[in-house]
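A.B. asks: Let's see this in three dimensions:
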Amino acid sequence: MATKHPHGDADPSTSPPPPPSRRPRGFASASTPAAPPPPGRRRGEREREREKERTKLRERQRRAITSRMLAGLRQHGNFPLPARADMNDVLAALARAAGWTVHPDGTTFLSSPPPPLPSPAQFQGAFQATSLETPVFTNSLNSYAIGTPLDSQASALQTDDSLSPSSLDSVVVAEQSIKNESYGNSSSANSLNCMGSDQLLRASAVCAGDFTKTPYIPVYASLSMGIINCYCQLVDPEAVRAELRHLKSLNVDGVVVDCWWGIVEAWTPQKYEWSGYRDLFGIIKEFKLKVQVVLSFHGSGECGSGGVLIALPRWVLEIAQENQDIFFTDREGRRNTECLSWGIDKERVLRGRTGIEVYFDFMRSFHMEFRSLSEEGLISAIEVGLGASGELRYPSCPEKMGWRYPGIGEFQCYDRYMQKNLRQSALARGHLFWARGPDNAGYYNSRSHETGFFCDGGDYDSYYGRFFLNWYSGILIDHVDQVLSLATLAFDGAAIVVKIPSIYWWYRTASHAAELTAGFYNPTNRDGYSPVFRMLKKHSIILKVVCYGPEFTVQENDEAFADPEGLTWQVMNAAWDHGLSVSVESALPCLDVDMYSRILDTAKPRNDPDRHHLSFFAYRQRTPFLLQRDVCFSELETFVKCMHGEATQNFVD
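C.D. replies: Sure thing, here's the model as predicted:
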């Protein structure tokens, strides 16, 4: 059909063809909705995406199997494999052990008769004798990284087409129960001609639990929060001595002491009261224990053993009566008074000082007060609180706001200082209408799939979503850089520790919603911890990772898609890749033998070719340490010796 010329009387045959229409780019493209693809094409695209994810999963499974094979051959088969060996190295080593000659170019030929193979009965007996159902060996393989047994790959690996792409990125290996089957140890087949089955069994057991001559890892135990009252007075010196005496009997290296900003600078700006901590450090010095000091710039919502409820300094709360925007604020305008907003890091709203200057003055006062103790070696490290609960994170999951596990939490960026920063960033990007928080991110107790922002294919991965999350996590990284720059200046070379939270729920989804609201931009298609660790490495920081017990492991029907072991594996390996020293703090009291075993496996990974290990371990208990001696005294004593490299793991159930 002929098209009418825009000038009416012109001859269509002599007029030039109209220019081809161009598809608008950038924001203009959003105003013109594209025609939806036909249903057949959508189904084809979804199938191709699923096939890509299945291919990625198969590749990760192959790498996981390769790493276990290499670890087993090095540990049990005495194969001199290089640290970064591949399957060609493995095949060459196996061929040479069997009497073959392997040239560098891959040429392989038989140079000597192969050794006689054992009969099937011998194979069966040997493999049953070294079954992975041996309790000690099972515990040794059940580490935090990947818990599938060495020789059960063929039966334990599955590719479930019903898995979403998000879960495929986290679920590397589907682990099946091995209680009803016995799988042989690869070292048995390699050494059948030189060792008997009983000898193999004993060797495996000793290797699994023997921590003698391993690296020395110091162990610290935290003291009760209520030992210092709100007037900075030591409440019960004799009770402290009794608790320290008990810790000394366990050969614990030192204690962790919280120094609260709300106690020391409670009444008047820049007037610091350290008397109670001075008395406490004097008693600790009597027992020749080390001290790790935690500078807590947040408030505590719980009462300690001494009935102390610790808030921010009174003069800060007086300022907040006129300016509540100094606190983190959620989308509905509710203020979180646990810690100061990072939006005032450079705003002089605290009686003429910025938030960063207030932190620096407190750190400098501590250093001037206890410099002699640092020079004597009593104070071994100083942990700097950087957010809620002393951890580097936004207060995205506050229980006093009604949050309950496993809620995704809410973004905390609605005070006027954070909104001002967001507006400046959006203006610099050229999209002023992006100067807002997401309006479809749900509430504190929402689930990922219930929101338009965090669901699979949600707005978190849109142009606006990526801009907002980069800005939100960038504020966290800027806060780290500014505080630690002044901390290294104030403490003049002392060891500084920063604690990273363990936000493991919704880890097996695409968006990692709980991590996003806490400030870690760590979806499945992005490594959100490396930018933070690069900043920590810049300041030579010791990283502290929160560790959870066996009750927090992945369950089959886990509605929260939690994976604490997977998160710990990612965080620790990323930190080691950036050259950071890593330590661990137990989030719960260690009242279970299995938890001690898991911590030991985390502290001293047996199959790590780079021989990484923790710099120290901190035991954080809820109740006074002395009250737990009748619960796990012998297990704790053995655990400390294993951490020190002085004992064989032999816990008594």
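A.B. asks: Buried ones in stretch 211-227, by neighbour count?
C.D. replies: Burial within stretch 211-227, assessed by neighbour count using 16 or more other Cβ atoms under 10 Å, is assigned to 211, 214, 217-227. All C-beta atoms are positioned from the backbone trio N, CA, C, and that covers glycine.
A.B. asks: Would you map the strands across the stretch 451-600 of the chain?
C.D. replies: 496-500, 542-547, 581-586 (DSSP state E, counting those that start in this stretch).
A.B. asks: Check what contacts the first one and list those residues.
C.D. replies: Judged by Cβ atoms under 8 Å, 6 or more residues apart in numbering, the contacts made with strand 496-500 from elsewhere in the structure are 292, 381-386, 390-392, 480, 484, 487-488, 529, 532, 536, 539-546, 571, 583, 585.
A.B. asks: Which among those count as buried?
C.D. replies: Applying a neighbour-count criterion of 16+ other Cβ under 10 Å, the buried members of the contacts of strand 496-500 are 292, 381-386, 390-392, 480, 484, 487-488, 529, 532, 536, 541-546, 571, 583, 585.
A.B. asks: picking that back up, using a markdown table, please lay out the strands of the stretch 451-600 of the chain together with mean pLDDT and distance to Gly409.
C.D. replies: Formatted as a markdown table, the entries for those read as follows, by pLDDT from 0 to 100; distance: least, Cβ to Cβ, whole Å:
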| stretch | mean pLDDT | distance to Gly409 |
| --- | --- | --- |
| strand 496-500 | 96 | 16 |
| strand 542-547 | 91 | 16 |
| strand 581-586 | 92 | 21 |
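A.B. asks: closest to Lys248 out of these?
C.D. replies: Shortest separation from Lys248 across the strands of the stretch 451-600 of the chain is recorded for strand 581-586, at 19.9 Å, computed as Cβ to Cβ.
A.B. asks: Contacts for that closest one next, please.
C.D. replies: Residues from elsewhere that reach strand 581-586, judged by Cβ under 8 Å, 6+ apart: 497, 499, 542-547, 549, 572, 575-576, 595, 599, 602-603, 612, 614-620.
A.B. asks: what about 6 Å?
C.D. replies: Identification of contacts with strand 581-586 by Cβ atoms under 6 Å, 6 or more residues apart in numbering yields 542-547, 572, 575, 614-620.
A.B. asks: which of those sit farthest apart?
C.D. replies: Taking Cβ to Cβ, the two most distant members of those are Ala575 and Tyr619; they sit 20.6 Å apart.
A.B. asks: Quick one: mean pLDDT over stretch 402-414.
C.D. replies: Per-residue pLDDT values over stretch 402-414 give a mean of 95.
A.B. asks: Can you pull the domain assignment for the protein?
C.D. replies: As given by the TED database, the domain ranges for the chain are 54-101, 214-410+472-644.
A.B. asks: most neighbours per residue, which of the ones you listed?
C.D. replies: Using mean count of other Cβ atoms under 10 Å, the stretch among the domains of the chain with the largest mean neighbour count is domain 214-410+472-644, at a mean of 19.
A.B. asks: Show the end-to-end separation of that one, please.
C.D. replies: Across domain 214-410+472-644, the straight-line distance between its terminal residues is 8 Å, by Cα to Cα, to the nearest Å.
A.B. asks: give me every residue that touches Arg335.
C.D. replies: Contact partners of Arg335, counting by Cβ under 6 Å, 6+ apart, are 324, 327, 329.
A.B. asks: repeat that for 10 Å
C.D. replies: For Arg335, the set of contacting residues under the criterion of Cβ atoms under 10 Å, 6 or more residues apart in numbering consists of 320, 324-329, 341, 401, 412, 414-415.
A.B. asks: And the strands in this structure, which stretches?
C.D. replies: Taking DSSP state E to define them, one finds strands in the chain at 100-102, 108-110, 219-222, 254-260, 290-296, 327-329, 335-340, 379-384, 496-500, 542-547, 581-586, 617-619.
A.B. asks: before we move on, the earlier item: which of the domains of the chain has the lowest average pLDDT?
C.D. replies: In terms of mean pLDDT, the lowest-scoring of these is domain 54-101 (a mean of 72).
A.B. asks: I'd like to know which elements the longest helix seen in the chain is packed against.
C.D. replies: Longest among the helix segments of the chain by residue count, using DSSP state H, is helix 39-76. Applying 3 or more Cβ pairs under 10 Å, 6 or more residues apart in numbering; DSSP states H and E, one finds that helix 39-76 makes contact with helix 87-97, helix 153-156, helix 165-170, helix 186-190, helix 197-209.
A.B. asks: could you give the angle of that helix to helix 87-97?
C.D. replies: Inter-element angle recorded for helix 39-76 and helix 87-97: 40 degrees (by axes from the mean of the first three to the mean of the last three Cα atoms, to 10 degrees).
A.B. asks: CA atoms only for stretch 464-477 - export them in CSV, please.
C.D. replies: C-alpha atoms of stretch 464-477 as CSV (Å, rounded to 0.1, in the frame of the first residue of the first chain):
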residue,chain,number,x,y,z
TYR,A,464,18.3,2.2,38.4
GLY,A,465,18.8,-0.8,40.7
ARG,A,466,22.5,-1.1,39.9
PHE,A,467,23.0,2.7,40.3
PHE,A,468,21.3,2.7,43.7
LEU,A,469,23.1,-0.4,45.0
ASN,A,470,26.4,0.9,43.9
TRP,A,471,25.8,4.2,45.7
TYR,A,472,24.4,2.4,48.8
SER,A,473,27.4,0.1,49.1
GLY,A,474,29.8,2.9,48.2
ILE,A,475,28.7,4.9,51.3
LEU,A,476,29.7,1.9,53.4
ILE,A,477,33.1,1.7,51.7
